[in-house]
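Asks: Got a predicted structure here, sequence first:
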Amino acid sequence: MTNEQFLAWLQSPSAIRMVLIEAQVNVAGQEVTRYIASRSYVTGPAEVPANTEYLPLATGGLAFTEQVSLTGEAGLSGGDIELDNGDGALDGWSLDVWRNRAIKAWAGDPSWPRADFRLVFDGIIDDVGSSSRETINLVLRDKLQRLNTPITEVKLGGTTPNKDAILPIPFGECHNVTPLLTDPVTLEYGFLCPVESSFEVRTNGKPIAVALNDQAGRFNLTTPPYSAAITVSVQGDKGGGYAPRIAPLVQRIATAYGKTSDRFTLADLDLDNLTAFDAAHPQLVGLYVADRMNQAQAIQQLAASVGAQALMSRTGQLRLVQIALPAAGVPVQIGPEHMKFDSLRPVQRLPVVAAVKIAFDRNYTVQASLTTSIPAEHADLYATEWLTETAVDEVVRARYRLTDDPPQIETCLKTNADAQAEAVRRLALSKVQRTIYEFDGEPEMMMLELGQPVVLRDDRFGLQDGVPGVVVLLSHQWLAGRVTVGVLV
């Protein structure tokens with residue numbers, strides 16, 4: 001079925017909407033699939049899955065809300081499916097293990113063959129609950145839940161004092177980090193993974209001679225150190241080729257780290273989106289992971305460095321979306337004909353800012369009052385955790401009576417030029433009044449994606465001529481054929 005045919009069905013007043021659900025669950029120690037629907041549906045012998053009955057239990061949903069975080073914080077979209085348990089037949093389901101199991105849902109018409117149903121959700125069951133005596137509710141999360149685990153829990157092991165320490169991982173360009181002492185006898189230091197290059201090894205800020213073994217992610221001091229404070233700058237993880245940029249590092253963290261069973265595969269990635277994002281955002285970045293940082297947290301930190309966010313598409317693929325106006329791509333025209341009558345309303349006015357301060361090139365080991373014989377200006381740098389670049393609009397500052405010294409926004413960026421460019425970009429976005437509008441959309445609006453560019457038009461709120469916007473919220477109810485859309489303009 002083509003997109004055009006599916007859209008025509010969504011718009012048809014005679015459409016009979018239903019959802020098919022396939023949910024994984026652990027029953028008495030065995031992993032099984034439960035087939036659920038909102039109406040009776042049985043597949044034929046030549047279909048996939050063959051000769052399968054979908055039990056007509058879904059009475060509410062499939063309701064799911066996706067939202068872009070405008071602060072760049074990591075977050076998960078969520079929703080639920082309500083199942084009929086009026087006769088108590090499903091009471092035993094609450095004893096099964098649903099948590100962190102895969103679930104998929106398809107929308108379509110009871111008259112369609114199974115292959116024509118459209119995948120509308122591919123995510124994770126967070127848990128099972130009950131909103132009343134007569135119902136069971138499957139609580140849903142997007143697939144980023146799978147990355148809500150530590151990047152690594154690999155410890156050094158052995159018998160040294162650091163045997164229980166987690167081996168650190170450098171991603172991209174990392175300045176002045178503290179490596180793990182892996183062998184106190186041979187003065188070996190290092191990381192979990194092979195690295196591209198280690199350089200500027202220092203003891204208490206002063207360079208010291210070393211023997212490098214970057215293929216093992218290790219180096220040995222060849223002379224006694226002046227102190228136990230050993231630091232190094234490193235070009236990090238080189239698995240799959242060294243690429244110190246946001247999109248390649250996001251892909252690397254999602255597919256090569258974390259719990260083996262929960263790692264993403266290439267099928268879980270929107271590769272076209274990541275390729276386009278990498279071309280548009282080639283900035284050098286660096287992130288040093290020396291503790292139990294979660295994969296999702298690390299990915300969001302990298303993406304937020306350029307005002308972007310990692311999101312899951314409704315078909316379960318990770319993508320990177322930068323919040324920008326105008327947003328990249330061909331905008332969708334949205335007017336009153338695409339909204340329920342008089343449903344457009346302003347829901348949030350974002351604060352205007354007159355200055356943006358970007359913190360970059362983090363010094364991962366702050367060393368105050370170094371006493372070794374290094375230049376004073378170098379000692380000052382090693383005593384400073386962040387470098388900063390600030391962009392200010394004096395006209396906006398005076399008009400709105402705002403500060404020109406805002407709180408710094410910490411990023412993984414590495415260069416002055418990239419930090420200044422990002423400060424200027426964010427200032428241009430936020431120095432004018434921005435408003436989020438929501439409306440209840442006609443069925444065709446269910447095809448929108450988060451981050452998609454739009455032109456919003458209405459006879460209210462100064463939108464008569466159409467204003468560029470970007471989709472920041474989608475709240476679908478697939479059974480009812482309804483969607484609430486949030487647009488930032």
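Replies: Thanks, I have it. Numbers count the residues shown, from 1 in each chain.

Asks: what about stretch 368-379, how long is it end to end?
Replies: 8 Å (Cα to Cα, to the nearest Å).

Asks: go on, stretch 25-38?
Replies: Start-to-end, stretch 25-38 (Cα to Cα) is 19 Å.

Asks: With only the CA atoms kept, save stretch 143-157 in PDB.
Replies: Provided in PDB are the C-alpha atoms of stretch 143-157 (Å, rounded to 0.1, in the frame of the first residue of the first chain):
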ATOM      1  CA  LYS A 143      12.800   2.200  21.900                       C
ATOM      2  CA  LEU A 144      15.200   4.700  23.500                       C
ATOM      3  CA  GLN A 145      14.300   2.800  26.700                       C
ATOM      4  CA  ARG A 146      16.600   0.000  25.400                       C
ATOM      5  CA  LEU A 147      19.500   2.500  25.700                       C
ATOM      6  CA  ASN A 148      18.600   3.500  29.200                       C
ATOM      7  CA  THR A 149      21.500   1.300  30.500                       C
ATOM      8  CA  PRO A 150      25.200   2.100  31.300                       C
ATOM      9  CA  ILE A 151      27.500   2.400  28.300                       C
ATOM     10  CA  THR A 152      29.800   0.100  30.000                       C
ATOM     11  CA  GLU A 153      30.200  -1.800  33.300                       C
ATOM     12  CA  VAL A 154      33.500  -3.500  32.300                       C
ATOM     13  CA  LYS A 155      35.900  -3.400  35.200                       C
ATOM     14  CA  LEU A 156      39.600  -3.700  35.100                       C
ATOM     15  CA  GLY A 157      39.700  -6.900  37.100                       C
END
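
Asks: how about the helices in the stretch 151-300 of the chain?
Replies: Taking DSSP state H, counting those that start in this stretch to define them, one finds helices in the stretch 151-300 of the chain at 246-256, 271-280, 295-304.

Asks: any idea of the angle the first one forms with helix 295-304?
Replies: Angular relation of helix 246-256 and helix 295-304 on a 0 to 180 degree scale: 170 degrees, by axes from the mean of the first three to the mean of the last three Cα atoms, to 10 degrees.

Asks: Make CSV out of the helices of the stretch 151-300 of the chain and add mean pLDDT.
Replies: Below are the helices of the stretch 151-300 of the chain laid out as CSV (pLDDT from 0 to 100):
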stretch, mean pLDDT
helix 246-256, 98
helix 271-280, 97
helix 295-304, 96
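
Asks: out of the ones you listed, which comes closest to S12?
Replies: Across these, S12 has its closest neighbour in helix 271-280 (30.2 Å, Cβ to Cβ). Where C-beta positions appear, they are placed from N, C-alpha and C, glycine not excepted.

Asks: So which elements touch that closest one?
Replies: helix 246-256, strand 318-322 (3 or more Cβ pairs under 8 Å, 6 or more residues apart in numbering; DSSP states H and E).

Asks: Just send those back as a markdown table, with mean neighbour count too.
Replies: Below are the helices and strands packed on helix 271-280 laid out as a markdown table (neighbours: other Cβ atoms under 10 Å):
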| stretch | mean neighbour count |
| --- | --- |
| helix 246-256 | 23 |
| strand 318-322 | 23 |
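
Asks: The ones you listed into JSON lines, with extra columns for distance to S305?
Replies: Shown next, in JSON lines, are the helices and strands packed on helix 271-280 (distance: least, Cβ to Cβ, whole Å):
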{"stretch": "helix 246-256", "distance to S305": "7"}
{"stretch": "strand 318-322", "distance to S305": "10"}
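
Asks: who touches the helix or strand hosting Q5?
Replies: Assigned by DSSP states H and E, Q5 falls within helix 3-11. Residues from elsewhere that reach helix 3-11, judged by Cβ atoms under 8 Å, 6 or more residues apart in numbering: 15, 109, 118, 442-444, 446-447, 481.

Asks: Tell me which helix or strand comes right after the longest helix along the chain.
Replies: If you go by DSSP state H, the chain has its longest helix at helix 416-430. Using DSSP H and E, the helix or strand that follows helix 416-430 in sequence is strand 434-441.

Asks: what packs against the very next helix or strand once past the helix holding Q5?
Replies: Note on helix 3-11: by DSSP H and E, the next helix or strand toward the C-terminus is strand 18-27. Here strand 18-27 touches strand 30-37, strand 58-67, strand 101-108, strand 118-129, going by 3+ Cβ pairs under 8 Å, 6+ apart.

Asks: quick one: average pLDDT of strand 18-27?
Replies: The average pLDDT within strand 18-27 is 96.

Asks: From the centroid of this structure, which residue is nearest?
Replies: Centroid check for the chain by Cα atoms, centre = their mean gives A310 as the closest residue, at 2.6 Å.

Asks: any idea of the pLDDT on that residue?
Replies: A310 is given a pLDDT of 94.

Asks: Run the angle between the helix holding Q5 and strand 101-108 for me.
Replies: Using the same axes, to 10 degrees: helix 3-11 against strand 101-108 is 80 degrees.

Asks: Any chance you could list what contacts the helix or strand harbouring V396?
Replies: Element membership for V396 (DSSP H and E) is helix 394-400. Under the criterion Cβ under 8 Å, 6+ apart, residues 352-355, 402-404, 431 lie in contact with helix 394-400.

Asks: How about the contacts made by the closest residue to M446 other than its chain neighbours?
Replies: Leaving out its chain neighbours, the residue that sits closest to M446 by Cβ to Cβ, 6 or more residues apart in numbering is V483, at 4.6 Å. Neighbouring residues of V483 by Cβ under 8 Å, 6+ apart: 440-441, 443, 445-446, 448, 474-477.

Asks: which of those lies closest to T33?
Replies: Using Cβ to Cβ, H476 is the member of the contacts of V483 that lies nearest T33, at 23.2 Å.
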